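Q: Can you look at this prediction? I've put the sequence above it.
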Amino acid sequence: MSVRTEGTTLFTAILILVACGVVVQLWLLTVSMEALLANQRTTLLPAALGSSLLLLINAGLLRYVFRFDHEVQRTRQE
Amino acid sequence: MNGEQSTPRAACAGCQHAPKWRTDFPIEWEGDHYVSRREMVKFLTLGSLLLASANWITIVASRMLHTRVYPEKMIAPVSAVDQQSSFLFRYPTVKDPCIAVRTPTGKLVAYSQVCTHLSCAVIYDQAANKLFCPCHSGSFNIVQGEPIGGPPTRRLPRILLEQRGDLLFAIGVEV
């Protein structure tokens, strides 16, 4: 299997993971909006922290994608 | 055309026998997918950043929204709200319709008239002793304003009332 094929498979898996994270973030935002309107402040902070954690995971995966891409390009140049 | 079909599929763009379209458009399917997936991950991560930011904005909005100071406003003489009847008024601004109801026990309660489902106006259902939203058949408890039927999930904002002599004043909103 070529590195590019491996990368495509890997990126598909990462894409699915990131998409799942974004869906959970969307759900957290709707929960936060409901809590905001109902004045339930105790829900807001955990939802924001959870959303930030998912952002960190997504950013980490994106960084991995860039690093993988960079590695591939460097290998080609060599 | 026949010449193009007889060319091996794996022919590279720079090869001598490659068809003209291949030199004009030297992108492999695999390479195309590779880039579009990477772009999609970038796009989704940007969306993720926006969603996380929106969550923190709700916290800031919550502090600003629920620390509002409400004015005191005379709404009606107490005698205007008879036993088991309702009275409409606007508080805290003229754009905020409210409803005051005298419960069967004689207690006077007031709520925002805006349904927490889709903002239709709720009315007092005297027979069932509840606040009823005719748009989607939502209903609210008269004592606490809690949703007891239909699509609403949040209670109605409660208007705090104070009686001074024969006059009834609205002094705040309890969300």
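A: Sure, I can see it.

Q: what's near enough to touch residue 27?
A: No chain specified, so I'll use chain A. Listed by CB atoms under 8 Å, 6 or more residues apart in numbering or on different chains, A:Trp27 has no contact partners. All C-beta atoms are positioned from the backbone trio N, CA, C, and that covers glycine.

Q: so it sits in a strand?
A: No - secondary structure of A:Trp27 (DSSP: H, G, I helix; E, B strand; the rest coil): helix, not part of a strand.

Q: Contact residues of chain A facing chain B?
A: Applying CB under 8 Å from any CB of the partner chain, we find that chain A lies next to chain B at A:4-5, A:7-8, A:11-12, A:14-15, A:18-19, A:21-22, A:25-26, A:28-29, A:32-39, A:41, A:44-45, A:47-48, A:51-52, A:54-55, A:58-59, A:61-62, A:65, A:69.

Q: Read off the pLDDT value for residue 4.
A: Just so you know, I chose chain A. Looking at A:Arg4, its pLDDT stands at 68.

Q: To clarify, I was referring to chain B.
A: Looking at B:Glu4, its pLDDT reads 42.

Q: can you give me the strands for the chain?
A: Just going to use chain A. Shown for chain A, no strands are assigned by DSSP state E.

Q: ah, I was thinking of chain B
A: Using DSSP E, the strands of chain B run over residues B:73-77, B:86-90, B:97-102, B:108-112, B:123-125, B:130-133, B:138-141, B:147-149, B:158-164, B:167-174.

Q: Which of those sits closest to chain A?
A: Relative to chain A, the nearest member of the strands of chain B by CB to the nearest CB is strand B:167-174, separated by 8.5 Å.

Q: Tell me the strands beside the closest one, with direction?
A: Each strand paired with strand B:167-174, and its direction, by DSSP bridges: strand B:73-77 (antiparallel), strand B:158-164 (antiparallel).

Q: least reliable of the ones you listed going by mean pLDDT?
A: strand B:73-77 has the lowest average pLDDT among the strands paired with strand B:167-174, namely a mean of 87.

Q: Below-threshold pLDDT in chain B: ranges please.
A: In the predicted model, chain B carries pLDDT under 70 at residues B:1-16, B:30-31, B:33-34, B:82-84.

Q: if we can go back for a sec, would you mind giving the strands of chain B as a markdown table with mean neighbour count and distance to B:Ala52 added?
A: Below are the strands of chain B laid out as a markdown table (neighbours: other CB atoms under 10 Å in any protein chain shown; distance: least, CB to CB, whole Å):
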| stretch | mean neighbour count | distance to B:Ala52 |
| --- | --- | --- |
| strand B:73-77 | 15 | 40 |
| strand B:86-90 | 17 | 38 |
| strand B:97-102 | 20 | 36 |
| strand B:108-112 | 20 | 31 |
| strand B:123-125 | 17 | 41 |
| strand B:130-133 | 22 | 34 |
| strand B:138-141 | 20 | 33 |
| strand B:147-149 | 17 | 30 |
| strand B:158-164 | 15 | 33 |
| strand B:167-174 | 17 | 30 |
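
Q: Out of the ones you listed, flag the one nearest B:Val41.
A: Evaluated over the strands of chain B, closeness to B:Val41 peaks at strand B:147-149, with 41.1 Å, by CB to CB.

Q: which strands and helices sit next to that closest one?
A: strand B:138-141 (3 or more CB pairs under 8 Å, 6 or more residues apart in numbering or on different chains; DSSP states H and E).

Q: So if we follow the domain assignment, how does chain B break up?
A: B:2-65, B:73-174 (automatic domain parsing).
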